[in-house]
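Chemist: can you look at this prediction? I've put the sequence above it.
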Amino acid sequence: MAADSEPESEVFEITDFTTASEWERFISKIEEVLNDWKLIGISSGKPLDKGIFTTGTWEEKSDEISFADFKFSVTHHYLVQEPSDKDGKEELGEDALPLPMQDLLCMNNDFPPRAHCLVRWYGLREFVVIAPAANNDAVVSESKCNLLLSSISIALGNTGCQVPLFVQIHHKWRRMYVGECQGPGVRTDFEMVHLRKVPSQYTHLSGLLDIFRTKIGCPLTPLPPVNIAIRLTFVLQDWQQYFWPQQPPDIDALVGGEVGGLEFGKLPFGACEDPISELHLATTWPHLVEGIIVDNDVYSDLDPLQAPQWSVRVRKADNPQCLLGDFLTEFFKLCRRKESTDEILGRSAFDEEGKEVADISHALSKLTEPAPVPIPKLSVTNMVHSAKKKIRKHRGVDESPLSNDVLNTILLFLFPDAADKLAEVFECRASTSAGNNPPPENEDYNLFSHFKSAPSDSLTYKLALCLCMINFYHGGVKGVAHLWQEFVLEMRYRWENNYLIPGLANGSPDLRCCLLHQKLQMLNCCIERKKARDEGKRGNMCDRSPGGASGDGAKGGDHSGDNPDKEKEFGKSWESWSDSEEEFFECLSDTEDLKGNGQENGKKGAKEPVNLKPEGRLHPHGKLMLLHPGEPLYVPITQEPAPMTEDLLEEQSEVLAKLGTSAEGAHLRARMQSACLLSDMESFKAANPGCCLEDFVRWYSPRDYIEEEVVDEKGNKVIRGELSARMKIPSNMWVEAWETAKPVPARRQKRLFDDTREAEKVLHYLAVQKPADLARHLLPCIIHAAVLKVKEEEAVEDISSVKKIIKQIISHSSKVLRFPSPEDKKLEEIIAQIMSVEAIIARARSLKAKFGVEKCENEEEKEDLQRFVNSLLEQPEVSVVGAGRGPAGSIIHKLFVNAQRVPAVPPLEEELRRSGSQEERRQGLQSEFPPPTGREVILRTSVPRPAPYSKALPQRMYSVLTREDFRLAGAFSADTTFF
């Protein structure tokens, strides 16, 4: 029984060889990717044009595959080319080599200045790279490398793909690749050697030729000639004869009239260090044949001056310190500060001793008292004396962030009218200093409307520049807070003493400008109204007759819009009637009877009683007559509409929106919006006793009065008119306002614009601004100034790439700054763009100085040098016309010669130098140039491998030798038809 049970206890293990292994799955995935990217079959294309690797467009596609748990990224790199003719494939015979193999022998694109390393080493236009997906992963062991090579070899054979396939091995920083390319009956193996220390026998051409011959193992004798391309690279780091001349300007010198290289009121510009760190000269021998040149361990024919091709590239200093960029960056940092002005300068530094800060209601009550206000002579000393006195009570004299001299100079720059100490002289100049005549309309001047900043000749713009300079050179945020406090004190001083603010355009606030500029314009409007009212008190105390107003009528304009430019003039004329400020509020007793009559009449009919005395007439309105009394229609003196800043408009719109959509809300909204209409109606009634609504509409809104020619009972043609349909709607706002309106001249009405209240609101708004708020308000002005400065400097250098970047900056800034609170990240992007432009212009100037462009007397050579310098800035590498014998080449040669003339070295160092490297000894005869920093050699030939009767196939080896790096990259082809 035991014997019978033995067979049953045996376990049979069956291995299913039809199941795919991980390796087979990996190969299958590679084939899938190659199929998806349509890289299967014969590759066709035209021969490569010269320089196409640099000027053409390179693209890449990526995918991810895995070998078990190890992930690889597959990337297809290719040069975008125009599709070739359909007949191209038919022309290719069966014996035609794959395109990548043809590219190995192409000599049009050796040493491209900017390309993938495999493009530089092998000259390929298309290839696929398989590399570990994670940066820290690496294929190090030899067995894994061979497994990957086997995988790509099988995948290429299965798919018929003729695009080279590479695998990245070892750590990524070493840039080690092995690969393969297959065609019909041919195969190319891509191999690589990378060493830290250079074997001495491979530092020269003869040693590299020995390696190449040994590797290809050609059985033919004699060997076919080897084509050679050599490039030696020399680096110039020491600009001994050129010291970067620009020093940061010193603001202390501005009191004496100079600020280094900086004109006061303008932003500085330029680099404080040399923005060009190195110059790389590449001397190239593109077409050499073995035997015509000697380069061994004893002697070399490779004289850089005799090289047929020179090319130059410059290495730029990383983030050179530039003045304009530093100014912008430091000013932008202010936006992130949290402290208030009082916290920075010391709590209550500007308060009087023993008194608390009064709120705005106390300020209003104090200002509306009828006590006379003395008007002292205007001078810088008067502006700042009281403030300085109060500051010094809380700190020592020397602790003020800004000295008197600096502060006075800045205030004189901001307020040039303060230089006139006689008030009478100032009065004569007030009109010219208050409203600047805008310069001719041009693109640069109108930038403020794109950036929402302020005009470049305005006070706000100048203030921004001064604060930016103070922040950078004098006390930082403390200096900014100090100057701002002085500025606010000056604004109050001008308001209280009726001095118009210079550097602001006349009229209502310009909504295209920043809010701070609008606030200053609003304050100027208030000063203008107050000044006109105060002058009216003094000048017209004895003459109050209505004829005085009509006498000024020649200055006025028609409120219907015929002369909009004159609107302000008749606005002033009504103010001159006022003999006291309180008349606006306490004049009811004089007109009670008149208003009563008007109210009764308003209920009875549309006409006003003709026995009223006309008041507030400006001038007759052409030939128009009143419809019923038949007297001439007079244009009344009206109040101007209240000027508004954007925050007030927003506040008003919010109030109106909150009224809702109900009938009552809509009615209340209409009443609020018709305050100006009601005032004009009252003025019209006072100027035209006995008038009706139709008369008012004919003047105020002529399109709403429709006139038609009709035939009367007697058969005569007469013109009859009537109100438009919208004016006849029941409960029309115009009809209601007309019935409500009393015949009150503008001088007796309540003011539509309370300049006292609005001025105090503006002054309070200015006083509570923190330095961070101020910086936010003025940052558009600083960016505006920076763009203008960059445009001005670029016009001198004329660099096409900079012009494009400036246009991008303007476009980007206009989108970002249009919003009230732009994001910090977007503002930083704008500042970074401006800094990059400044660095480019600084580099251009540095190169012009080094190449002596301005000193060149020959105009033709000067233009050539200028083009050469501009090309160095815009292109990765620039060919030198005439190599070492051209104008640019001779200058480069002199630069290297001067750098080689080092001072006498101590004997020990001299001895060490003599026993230096072999390279230095071989270069002894060419002491004008230092030993080359890099040596690149490309060897090419076409020989049959592996047998003498095999097809002649391309062979290529690239070598690069630097001080700490040696690399050989070989592509060796073999005929596989019988092997």
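Modeler: In hand now; what should we look at? These numbers were taken from a predicted model, which means no experiment stands behind them.
Chemist: so, low pLDDT: which residues of the stretch 701-850 of the chain?
Modeler: 715 (pLDDT under 70).
Chemist: show me where it has its helices.
Modeler: 733-740, 755-767, 771-797, 800-816, 824-851 (DSSP state H, counting those that start in this stretch).
Chemist: please list all residues in contact with Asp680.
Modeler: By C-beta atoms under 8 Å, 6 or more residues apart in numbering, Asp680 lies in contact with His559, Pro636, Thr638, Gln639, Tyr700. In this view, the C-beta of every residue, glycine as well, is placed from N, C-alpha and C.
Chemist: highest neighbour count among the residues you listed?
Modeler: Tallying neighbours with other C-beta atoms under 10 Å puts Pro636 at the head of the contacts of Asp680, with 30 neighbours.
Chemist: surely that residue meets Ala687?
Modeler: Yes. When contacts are counted by C-beta atoms under 8 Å, Pro636 is listed as touching Ala687 (3.7 Å).
Chemist: quick check: neighbours shared by those two?
Modeler: Taking C-beta under 8 Å, 6+ apart as the contact rule, Pro636 and Ala687 both touch Gly616, Arg617, Leu618, Pro745.
Chemist: wait, which of the residues you listed is closest to Val298?
Modeler: Leu618 (106.2 Å; C-beta to C-beta).
Chemist: in a strand, that's where that closest one is, yeah?
Modeler: Yes. Leu618 forms part of a strand when assessed by DSSP: H, G, I helix; E, B strand; the rest coil.
Chemist: pLDDT value on it, please?
Modeler: Here, the pLDDT recorded for Leu618 equals 81.
Chemist: I'd say it and Ile637 touch.
Modeler: Yes. Assessed by C-beta under 8 Å, Leu618 is found in contact with Ile637 at 5.0 Å.
Chemist: more neighbours, the two?
Modeler: More crowded of Leu618 and Ile637, by other C-beta under 10 Å: Ile637, with 31 against 27.
Chemist: any idea how far that one is from Leu328?
Modeler: 50 Å (C-beta to C-beta, to the nearest Å).
Chemist: how about Ser679?
Modeler: 48 Å.
Chemist: of the two, which one has the most company?
Modeler: Taking other C-beta under 10 Å, Ser679 and Leu328 do not tie; Leu328 has more neighbours (27 against 23).
Chemist: tell me the secondary structure for that one?
Modeler: Of the three states, Leu328 takes helix under three-state DSSP.
Chemist: who's in contact with the closest residue to it other than its chain neighbours?
Modeler: Distances taken as C-beta to C-beta, 6 or more residues apart in numbering place Ile831 nearest to Leu328, at 4.8 Å, with adjacent residues excluded. The neighbourhood of Ile831, defined by C-beta under 8 Å, 6+ apart, consists of Gly325, Leu328, Thr329, Phe332, Ile783.
Chemist: so which of those residues is the closest to Lys519?
Modeler: Within the contacts of Ile831, proximity to Lys519 (C-beta to C-beta) peaks at Ile783, which comes in at 19.8 Å.
Chemist: Tyr461 versus that closest one, what's the distance?
Modeler: 11 Å.
Chemist: list the residues that contact both of those two?
Modeler: The contact sets of Ile783 and Tyr461 overlap at Ser453 (C-beta under 8 Å, 6+ apart).
Chemist: render the CA-only coordinates of stretch 119-126 in PDB, please.
Modeler: Extracted C-alpha coordinates of stretch 119-126, given in PDB (Å, rounded to 0.1, in the frame of the first residue of the first chain):
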ATOM      1  CA  VAL A 119      23.100  66.800 -31.400                       C
ATOM      2  CA  ARG A 120      26.500  68.400 -30.700                       C
ATOM      3  CA  TRP A 121      28.300  65.000 -30.300                       C
ATOM      4  CA  TYR A 122      26.800  63.100 -33.200                       C
ATOM      5  CA  GLY A 123      25.200  65.700 -35.500                       C
ATOM      6  CA  LEU A 124      21.700  64.000 -35.400                       C
ATOM      7  CA  ARG A 125      18.500  65.700 -36.400                       C
ATOM      8  CA  GLU A 126      16.200  63.100 -34.700                       C
END
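Chemist: what is the mean pLDDT for that stretch?
Modeler: pLDDT averaged over stretch 119-126 gives 94.
Chemist: outside of it, which residues touch it?
Modeler: Residues contacting stretch 119-126 (C-beta under 8 Å, 6+ apart): 43, 45, 48, 53, 76-79, 81, 99-100, 103-104, 106, 109-112, 118, 163-164, 190, 956, 958, 969, 971.
Chemist: tabulate the contacts of Ile831 (CSV), appending distance to Val869.
Modeler: Converted to CSV, the contacts of Ile831 look like this (distance: C-beta to C-beta, whole Å):
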residue, distance to Val869
Gly325, 22
Leu328, 27
Thr329, 28
Phe332, 32
Ile783, 29
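Chemist: burial count for Gln237?
Modeler: 11.
Chemist: so it touches His280, yeah?
Modeler: No. Contact criterion C-beta under 8 Å: Gln237 and His280 do not qualify, at 10.0 Å.
Chemist: does Asn109 touch Phe53 like I think?
Modeler: Yes. Using C-beta under 8 Å, Asn109 is in contact with Phe53, at 4.6 Å.
Chemist: neighbour-wise, which of those two wins?
Modeler: Remark: of Asn109 and Phe53, Phe53 carries more neighbours, 24 against 21, as counted by other C-beta under 10 Å.
Chemist: can you give me phi and psi for the more buried one?
Modeler: phi -60, psi -30 (degrees, to the nearest 10).
Chemist: the one 5 residues further on now?
Modeler: Summarising the backbone geometry of Trp58 under the convention degrees, to the nearest 10, its torsions are phi -100, psi 140.
Chemist: find the nearest non-adjacent residue to it, please.
Modeler: Leu79 (5.8 Å).
Chemist: what's the one you found in contact with, if anything?
Modeler: Ile52, Phe53, Gly56, Thr57, Trp58, Arg125, Glu126.
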